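Visitor: Got a predicted structure plus its sequence, pasted below:
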Amino acid sequence: MSKLWSSAAAALDGIVHDGMLLAIGGFGLCGIPESLIEALRRTGVRDLTIASNNAGVDGWGIGVLLEGRQVRKMISSYVGENAEFERQYLSGELEVEFSPQGTLAERMRAGGAGIPGFYTRTGVGTVVAEGKQHQEFDGATYILERGILADLALVNAWKADLHGNLVYRRTARNFNPNAATCGKITVAEAEIIVDPGDLDPDEIHTPGIFVHRLIHNPNPQKRIEKRTVRGE
């Protein structure tokens, strides 16, 4: 049965609401579900909590949701490229939960695997550990981190078949596989859509069982977050 929807707006229709928790794939602007984020902006939903590696940049990615005052809280590991994020955070308009990058990835993976929490040494003795349960294992201190189970996950893939099996391309894989598994509902956008059976099972990164809706975005903008060139 095909999971392909006609547009990003159609794919989000009826499954977004105020106050929901979202997991969004991507790293910087690499591998972000850009058309789905724009469609989410257009819905006008507010009071969102978003678990994502970062908050995009001003005017693109999750940055457009911040500009529209649609985000109440970010759960992120890096937020250094967004001036509007900084302004809202410092003024108290935006709540931020900083999570070390590997911990954030594991929180998504754990949530998708049905694991409510896990212990890690990362963050022990820092502000990351404040208010969290501490436990000793083999003479070392660990802190308890909760798995993330999102109401909705938005992810980007390079190639997909109509059953929702996904293939990511190189570094654009980043947080997308983990985000895809931790959504109660997962919507993916892909550059290339093929028929069932056209993907080699060994190349599939996210099985279609995790993906509920799929859209085709054949010409993503793939903006560059920070361009660095060599001087003369």
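Guide: Here it is on my side, so go on. Computed from a predicted model, the values in this text were never measured in an experiment.

Visitor: Which stretches in the protein count as strands?
Guide: According to DSSP state E, the chain carries its strands in the segments 21-24, 48-51, 71-76, 95-98, 117-120, 134-137, 140-146, 150-161, 166-167, 183-194, 213-216.

Visitor: helices or strands up against the first one?
Guide: Packing contacts for strand 21-24, counted by 3 or more Cβ pairs under 8 Å, 6 or more residues apart in numbering; DSSP states H and E, involve strand 48-51, strand 150-161, helix 176-181. All C-beta atoms are positioned from the backbone trio N, CA, C, and that covers glycine.

Visitor: tell me which residues in it are buried?
Guide: Leu21, Leu22, Ala23, Ile24 (16 or more other Cβ atoms under 10 Å).

Visitor: Which strands border it, and is each parallel or antiparallel?
Guide: strand 48-51 (parallel), strand 150-161 (parallel) (DSSP bridges).

Visitor: Pipe these into JSON lines and attach mean pLDDT, distance to Leu94 and mean neighbour count per row.
Guide: JSON lines is the format used below for the strands paired with strand 21-24 (pLDDT from 0 to 100; distance: least, Cβ to Cβ, whole Å; neighbours: other Cβ atoms under 10 Å):
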{"stretch": "strand 48-51", "mean pLDDT": "98", "distance to Leu94": "10", "mean neighbour count": "23"}
{"stretch": "strand 150-161", "mean pLDDT": "98", "distance to Leu94": "19", "mean neighbour count": "26"}
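
Visitor: With respect to Gln101, which of those strands lies nearest?
Guide: For Gln101, the closest of these is strand 48-51, at 12.4 Å, according to Cβ to Cβ.

Visitor: What would the closest one look like as PDB? C-alpha coordinates only.
Guide: The C-alpha coordinates for strand 48-51 follow below in PDB (Å, rounded to 0.1, in the frame of the first residue of the first chain):
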ATOM      1  CA  LEU A  48       5.700  23.200  20.200                       C
ATOM      2  CA  THR A  49       8.500  21.300  21.900                       C
ATOM      3  CA  ILE A  50      11.100  20.300  19.300                       C
ATOM      4  CA  ALA A  51      13.900  17.700  19.800                       C
END
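
Visitor: residue contacts, Glu95?
Guide: Arg72, Lys73, Met74 (Cβ atoms under 8 Å, 6 or more residues apart in numbering).
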